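K.L.:
Task: produce atomic coordinates for the following.
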Amino acid sequence: SLRWQRSIVTYAAALALFMLFWLTLGLSGASIFGSTVMARTEVLSVLGLIDPFAIMVFFEQTQFWTPLQRDTQPLALDTALLLNRGLWLSLSALVYWRLQRTITADGRCDRETGTSRPAPYARTDNSDRPPELTLTGPGSAPPAPVAPAMSLARNMRTNPLPGFGSQLWLQLSLLYRWPMALLMLIWIGLVVVGILMTIGFFGGTEHGGRYPTTSLLISYCAEALGGFATALLVLFSAELLWMEKRHRIDALVDSAAVSNSSLFAAKLVCLWSIPLLMITLMIATAAGFQLVVGFTRLEAEHYLSLYYYFGLPLMLQAVSLFFAQVLWAGSRWANRYSSWVIGSAVAMGSMVLLPRIASEYPLLLINQFPSLLRIHSELAQYGAFAQKFDRLAVYWSAVALVLAIASIGLWKRGDWHEPRRLSSH
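P.N.:
Residues are numbered from 1 along each chain as shown. I've put the predicted structure just below:
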């Protein structure tokens, strides 16, 4: 975050910490990975320092507790817990000190008062005119954020009615940059952890010797799909809505002779591509592992069904998140960061709050489907759960269609926060 100063990099760093925490839990043999006995003491002493959240220390203390002890006995402040918290608090203090030094050295902070100063490149006038974009020479290439805008401008000169295809290319070119590649690498790492759990790597010989069947691989590899994909949808639903303004090409896009439906559809399809890409990478990684170990029963039909059973709920969730973002965009407090908060609130409300207060009314639980993670069998497939999933899929797809139409009608172009002034003649 300090090096690149980009919000997506900060988001990726947080997910990397989560991945480090997940790896330490797996290597320690925690009970949530199916192991009944944790790793050796010398291994736990090292992993206890690496875990950024000290959850591994909790499992180490409570692995032999009785149910009565789990209900009544508090955690002890033993040496492992104190060393873990001391290490990570010291690391946090060091990072904060380095950040403060960097901001002060750049001249963005007053050394005496500690208040921030305007950046040297900040605009001091109140003009609404966007800054001019200049190139360094007659043969030089445009900067990376400017290249998609210039390509769109050339397309508009040759095609007076740029439609869905041009807008989709613009959104994809702005979205799929190296931060997205970093996030996908983190996702592949989580899939590899699922594969290691399948073959019993974390549980020793207790769960070893199992065949890496497609059903077994999916049950472990897709365990983190819902949470990880939801986190990315919350982030990029706000990013896509504010992307043109962040790159200062919103005036060009808003003035294009293209309908609101094309703009909305391009952004929505771009957002849909994230969970679909994650599922594709998961399938490729799992199938590649099967081929490497010599297991040739890949079950392509089961792999392809993941786009329906795991991809459709995420795509419908993207529609509801985008609808909330479009509603919030008209507020005077709307910006990229507040949009993240709104998206997080919508996701947490639909996934955590509503199931607790309206569990008896499944048609009111927004985008909630039966969990199909570990119930597949080669004999009955998904059984009766598939029928329930199909009915809910039809219902929530109809709701998503209504939300999409409403989003197109509420789509705002131009300056979102200034009322339109009509000149009187």
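K.L.:
who's in contact with the residue lying closest to Ser377 once chain neighbours are set aside?
P.N.:
Of all residues not flanking Ser377 in the chain, Ser215 sits nearest, at 6.9 Å (C-beta to C-beta, 6 or more residues apart in numbering). In this view, the C-beta of every residue, glycine as well, is placed from N, C-alpha and C. Each residue near Ser215 by C-beta atoms under 8 Å, 6 or more residues apart in numbering is listed here: 299, 302, 376-378.
K.L.:
Any chance of the backbone angles for Ser377?
P.N.:
phi -140, psi 150 (degrees, to the nearest 10).
K.L.:
Give me the neighbour count for it.
P.N.:
Each residue near Ser377 was counted by other C-beta atoms under 10 Å, and the total is 9.
K.L.:
any idea whether Gln368 is helix, strand or coil?
P.N.:
Look at Gln368: counting by DSSP: H, G, I helix; E, B strand; the rest coil, its state is coil.
K.L.:
Same check on the one 3 residues further on?
P.N.:
In three-state terms, and counting by three-state DSSP, Ser371 is coil.
K.L.:
Kindly provide the distance from it to Val341.
P.N.:
Ser371 sits at a distance of 28 Å from Val341 (criterion: C-beta to C-beta, to the nearest Å).
K.L.:
just checking, next helix/strand downstream of the helix or strand where Leu49 lies?
P.N.:
Secondary structure assigned from DSSP states H and E places Leu49 in helix 41-50. Reading on from helix 41-50 to the C-terminus, the next helix or strand found by DSSP H and E is helix 55-62.
K.L.:
Name the surrounding residues that touch that following helix.
P.N.:
Counting by C-beta under 8 Å, 6+ apart, the neighbours of helix 55-62 from elsewhere in the structure are 21, 24-25, 28, 30-32, 38, 44, 47-48, 51, 69-70, 75-76, 78, 80-81, 84.
K.L.:
do the same with stretch 378-393
P.N.:
By C-beta under 8 Å, 6+ apart, the residues outside stretch 378-393 that reach it are 213, 215, 309, 312, 362, 368-370, 372, 375-377.
K.L.:
just the CA coordinates of that stretch, formatted as PDB?
P.N.:
What follows is the C-alpha trace of stretch 378-393 in PDB, where atoms were taken according to Å, rounded to 0.1, in the frame of the first residue of the first chain:
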ATOM      1  CA  GLU A 378     -21.800 -40.000  -7.700                       C
ATOM      2  CA  LEU A 379     -25.000 -41.900  -7.000                       C
ATOM      3  CA  ALA A 380     -27.600 -39.200  -6.400                       C
ATOM      4  CA  GLN A 381     -25.600 -36.100  -7.600                       C
ATOM      5  CA  TYR A 382     -27.100 -33.200  -5.600                       C
ATOM      6  CA  GLY A 383     -30.400 -35.000  -4.900                       C
ATOM      7  CA  ALA A 384     -33.400 -33.000  -3.800                       C
ATOM      8  CA  PHE A 385     -31.200 -30.000  -3.100                       C
ATOM      9  CA  ALA A 386     -30.800 -29.500  -6.800                       C
ATOM     10  CA  GLN A 387     -34.600 -29.200  -7.200                       C
ATOM     11  CA  LYS A 388     -34.800 -26.600  -4.500                       C
ATOM     12  CA  PHE A 389     -31.900 -24.800  -6.000                       C
ATOM     13  CA  ASP A 390     -33.600 -24.700  -9.400                       C
ATOM     14  CA  ARG A 391     -36.800 -23.200  -8.000                       C
ATOM     15  CA  LEU A 392     -34.900 -20.500  -6.000                       C
ATOM     16  CA  ALA A 393     -32.800 -19.800  -9.100                       C
END
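K.L.:
Could you identify the longest helix within this protein?
P.N.:
For the chain, the longest helix by residue count, based on DSSP state H, is helix 260-292.
K.L.:
model confidence over stretch 407-416, on average?
P.N.:
Per-region confidence: stretch 407-416 scores 76 on mean pLDDT.
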